[in-house]
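In: What follows is a predicted structure for the sequence shown.
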Amino acid sequence: MRLVSLNTGLPREIDWQGRSVRTSIWKSSRDGRLRVTTLNIEGDEQSDLSVHGGRTKAVYVYPSEHYEYWRRELPGIDLPWGTFGENLTTEGLLETDVHIGDRIQIGGVELLVTQPRQPCFKLGIRFGRDDIVKRFAASGRSGFYVAVTKEGDVARGDRIEFAQRAGDSLTVDVIAALRKDDEANEDQLARAVELPALPEGWKDYFRQRLSERGR
């Protein structure tokens, strides 16, 4: 497993559907080693801290393996690394294998997997089309956010290793699927609300779903 690309971006103002929107979804691949702190990566900045960033969403990870799927889905569109707004484009870390609570070592940094990504309208701005948000959510290729549990430096090409596995947890793809359709998964909902690394916002939603079923 390795880090394929390290991507950062600063806020910019974009005209979108008759209004100005501040977004940092445009990311560019960076050379050299960059410092990763508990809130961000050197040279990167989130635009709307009410929905992006913070300790549990400090860094966004997206598997490079998904790019081939999107090249088939979106022919003729240039898709350089970082197109989906990810900070870390990785090889070998798929949502089906990575658990909430897994600890990942990249270079001198340790990361804690916290939650899948839920796309917002700014992904539509990045692609210039509204349908990409629903298509992204339906694809099952969410990527995931991580908290930074050990600050340090990373660079493209760094080896990726699991520092600690949360084998009794749920995988990122299962959590993402629960958010979309939990009709037949009460046991998984009950497990999800007990996951220490899953942010309270997610657990509150799952608790509500369980409460509505009398559990």
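Out: Yep, it's here. Numbering: from 1, shown residues only.
In: From here on, just use CA atoms for contacts and neighbour counts.
Out: OK.
In: Spatially, which residue comes closest to Arg35, not counting chain neighbours?
Out: Asp153 (4.5 Å; Cα to Cα, 6 or more residues apart in numbering).
In: Can you give me the neighbour number for the one you found?
Out: Using other Cα atoms under 10 Å, the number of residues around Asp153 comes to 17.
In: so what's the most centrally placed residue in the chain up against?
Out: Closest residue to the average C-alpha location of the chain: Phe144 at 2.8 Å, with Cα atoms, centre = their mean. The contact partners of Phe144, taken as Cα atoms under 8 Å, 6 or more residues apart in numbering, are Tyr60, Val61, Tyr62, Glu95, Val113, Thr114, Gln115, Pro116, Arg117, Val172.
In: Looking at these, which are in helices?
Out: Val172 (DSSP state H).
In: out of the contacts of Phe144, which are inside strands?
Out: Judged by DSSP state E, strands contain the following of those: Tyr60, Val61, Tyr62, Val113, Thr114, Gln115, Pro116.
In: hang on, the third one packs against Gly143?
Out: Yes: counting by Cα atoms under 8 Å, Tyr62 touches Gly143, with 4.5 Å between them.
In: Could you check how many residues crowd around the closest residue to Thr96 other than its chain neighbours?
Out: Spatial nearest neighbour of Thr96, excluding adjacent residues (Cα to Cα, 6+ apart): Asp173 at 5.5 Å. Per other Cα under 10 Å, the neighbour tally for Asp173 reads 22.
In: do the same with Gln46
Out: Using other Cα under 10 Å, Gln46 is surrounded by 21 other residues.
In: That one falls within a helix, correct?
Out: No: counting by DSSP: H, G, I helix; E, B strand; the rest coil, Gln46 is not found in a helix; it is coil.
In: who's in contact with Val36?
Out: Glu42, Val109, Val148, Glu151, Gly152, Asp153, Val154.
In: Next one, pLDDT for it please.
Out: Per-residue confidence (pLDDT) for Val36: 97.
In: Give the bridge partners for it, please.
Out: Beta bridges link Val36 to Ile41, Gly152 when assigned by DSSP bridges.
In: Farthest-apart pair in the ones in strands among the contacts of Phe144, please.
Out: Tyr62 and Thr114 (13.7 Å; Cα to Cα).
In: which one of the two has more residues nearby?
Out: Between Tyr62 and Thr114, counted using other Cα under 10 Å, the more crowded position is Tyr62 (27 against 24).
In: counting contacts, what elements does the helix of greatest length in the chain pack onto?
Out: Ranked by number of residues, the top helix in the chain under DSSP H is helix 200-212. In terms of contacts (3 or more Cα pairs under 8 Å, 6 or more residues apart in numbering; DSSP states H and E), helix 200-212 is packed against helix 186-192.
In: run the last query once more with 10 Å
Out: Using 3 or more Cα pairs under 10 Å, 6 or more residues apart in numbering; DSSP states H and E, the elements in contact with helix 200-212 are helix 172-180, helix 186-192.
In: which residues in the protein form strands?
Out: 2-8, 12-16, 19-23, 28-29, 34-36, 59-63, 88-91, 103-106, 109-116, 144-150, 152-154, 160-164.
In: Now for Thr171: which residues touch it?
Out: Leu94, Glu95, Thr96, Asp97, Val98, His99, Ile100, Gly101, Asp102, Val113, Gln115, Pro116 (Cα atoms under 10 Å, 6 or more residues apart in numbering).
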